[in-house]
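**Q** Sequence first, then the predicted structure, then my questions.
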Amino acid sequence: MVAITHADIVNAPKALLHDHLDGGLRPATIVELAAGIGHDLPETDPARLGDWFVAAADSGSLERYLETFAHTVAVMQTEEGLHRVARECALDLAADGVVYAEIRYAPEQHLERGLSLDAVVDAVHSGFRDGCAEAAAQGQRIRIGTLLTAMRHAARSQEIAELAVRYRDTGVVGFDIAGAEAGFPPTRHLDAFEYLQRENFHFTIHAGEAFGLPSIWQAIQWCGADRLGHGVRIVDDITGSSLGRLASYVRDKRIPLELCPSSNVQTGAAPSIAEHPIGLLHDLRFRVTVNTDNRLMSGTSMSREMALLAEAFGWGWSELQWFTINAMKSAFIPYDERLAIINDVIKPAYAKLLT
Ligand SMILES: [Zn+2]
């Protein structure tokens, strides 16, 4: 088999379900926006700033890791900043061959300079609309839906859930909770999840990244999550190829796992790409998807994640197609739209690559 290259992968259609808007800024944009609002950065040269983000996220220090988001969030407090970051996100993903993406962010983190929650969502949506239109004009079609995230240590989840439902016909496709897992179980936000279920809405929950099985169990069996953000610790319920009750349930119900290989290595949830549980979870036929999490902090892209996995596990186009179709089947947009992207975009492209 001829090894597939990063450049080949860029040209193949990909689908992305787990990517944070405040984790994917261009370094040069941070420098310009920070200068405009008088925000101090650790580096003002874009290349060095990009390296600083990856090094801080790699450092193993939670303090330094959190500092990275303090800088990105700081420049996303105005309509102009949010619009620009969203527009560039769409352009960068489209240039990387991503044809479908769900991008998440926490509106409550963008109110420091007086924007309302609705103004934050409007600015992000208009940025994505413009970015997608520009990409399409260049022949790169991408469909983007947003997920509104509530912070699990805060107490605004019901309000954010209602915001998500209010915008469901204008770009928001789902809801999520994020932030430190330990000490902040998903059941803390049960009211929000029950509300979303009554509204027939979709949500994923960050669970089973650093923290183990109880968090996954709560997310699914108490809160009713459609997908698991990461969910990588489900391997704690697998011995060899024998599945415990919870792992069996997750596999039997085809609950999608939003795995983020490079991010997991940086946070210590996996020792290396080659030892990442994605190998086992793929072999056991869980509903595995591949994701970027924070492209800036991990210095990564969808194509790079796919290339790292192809190299580490000897995977080829059939596995990359499987991950892509898994993601598209698990997307929060309507069934007919998912099917159209699978049948009209993904399958024909991979059919050519597989011959
Ligand atoms: Zn995440």
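**A** Structure's in. What do you need?
**Q** Could you identify the longest helix within this protein?
**A** Ranked by residue count, the top helix of the chain under DSSP state H comes out as helix 117-137.
**Q** Return that helix as CSV; C-alpha atoms alone will do.
**A** Coordinates of each C-alpha in helix 117-137 appear next as CSV, following Å, rounded to 0.1, in the frame of the first residue of the first chain:
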residue,chain,number,x,y,z
LEU,A,117,-25.5,36.9,24.7
ASP,A,118,-27.6,37.4,21.6
ALA,A,119,-25.1,39.9,20.2
VAL,A,120,-22.3,37.3,20.6
VAL,A,121,-24.2,34.6,18.8
ASP,A,122,-25.2,37.1,16.0
ALA,A,123,-21.6,38.2,15.5
VAL,A,124,-20.3,34.6,15.3
HIS,A,125,-23.0,33.5,12.9
SER,A,126,-22.4,36.5,10.6
GLY,A,127,-18.6,35.6,10.6
PHE,A,128,-19.3,32.0,9.7
ARG,A,129,-21.8,33.1,7.0
ASP,A,130,-19.2,35.4,5.4
GLY,A,131,-16.4,32.9,5.7
CYS,A,132,-18.5,30.0,4.2
ALA,A,133,-19.6,32.3,1.3
GLU,A,134,-16.0,33.3,0.6
ALA,A,135,-14.8,29.7,0.7
ALA,A,136,-17.6,28.7,-1.7
ALA,A,137,-16.6,31.4,-4.1
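**Q** Determine the set of other helices and strands touching it.
**A** If contacts are counted by 3 or more CB pairs under 8 Å, 6 or more residues apart in numbering; DSSP states H and E, helix 117-137 sits against helix 79-95, strand 143-151, helix 157-166. C-beta here means a position set from N, CA and C on the backbone, and glycine is covered the same way.
**Q** Export these as JSON lines, with columns for mean neighbour count.
**A** Output for those, formatted as JSON lines (neighbours: other CB atoms under 10 Å):
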{"stretch": "helix 79-95", "mean neighbour count": "22"}
{"stretch": "strand 143-151", "mean neighbour count": "24"}
{"stretch": "helix 157-166", "mean neighbour count": "20"}
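**Q** Next, format these as JSON lines and append mean pLDDT.
**A** Shown next, in JSON lines, are the helices and strands packed on helix 117-137 (pLDDT from 0 to 100):
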{"stretch": "helix 79-95", "mean pLDDT": "98"}
{"stretch": "strand 143-151", "mean pLDDT": "98"}
{"stretch": "helix 157-166", "mean pLDDT": "98"}
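**Q** Need the ones you listed in TSV (columns: distance to Ser272).
**A** Shown next, in TSV, are those (distance: least, CB to CB, whole Å):
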stretch	distance to Ser272
helix 79-95	26
strand 143-151	28
helix 157-166	35
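**Q** among these, which is nearest Arg104?
**A** strand 143-151 (3.8 Å; CB to CB).
**Q** okay, and for this protein, where does confidence drop off?
**A** Applying pLDDT under 70 to the chain picks out residues 1-2.
**Q** the strands in it, which residues?
**A** 14-20, 98-105, 143-151, 172-178, 204-207, 227-230, 238-239, 242-243, 257-259, 288-290 (DSSP state E).
**Q** Quick one: closest of the helices and strands packed on helix 117-137 to Ile9.
**A** helix 79-95 (13.0 Å).
**Q** Convert the C-alpha atoms of that closest one to PDB, please.
**A** This file holds the C-alpha atoms of helix 79-95, laid out as PDB (Å, rounded to 0.1, in the frame of the first residue of the first chain):
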ATOM      1  CA  GLU A  79     -18.500  42.100  17.400                       C
ATOM      2  CA  GLU A  80     -15.600  42.800  15.100                       C
ATOM      3  CA  GLY A  81     -13.300  40.300  16.900                       C
ATOM      4  CA  LEU A  82     -15.900  37.500  17.000                       C
ATOM      5  CA  HIS A  83     -16.800  38.100  13.400                       C
ATOM      6  CA  ARG A  84     -13.200  38.000  12.200                       C
ATOM      7  CA  VAL A  85     -12.300  34.800  14.300                       C
ATOM      8  CA  ALA A  86     -15.400  33.000  13.000                       C
ATOM      9  CA  ARG A  87     -14.900  34.000   9.400                       C
ATOM     10  CA  GLU A  88     -11.200  32.900   9.500                       C
ATOM     11  CA  CYS A  89     -12.200  29.700  11.100                       C
ATOM     12  CA  ALA A  90     -14.500  28.900   8.200                       C
ATOM     13  CA  LEU A  91     -11.800  29.800   5.700                       C
ATOM     14  CA  ASP A  92      -9.100  27.800   7.400                       C
ATOM     15  CA  LEU A  93     -11.300  24.700   7.800                       C
ATOM     16  CA  ALA A  94     -12.400  24.900   4.100                       C
ATOM     17  CA  ALA A  95      -8.800  25.200   2.900                       C
END
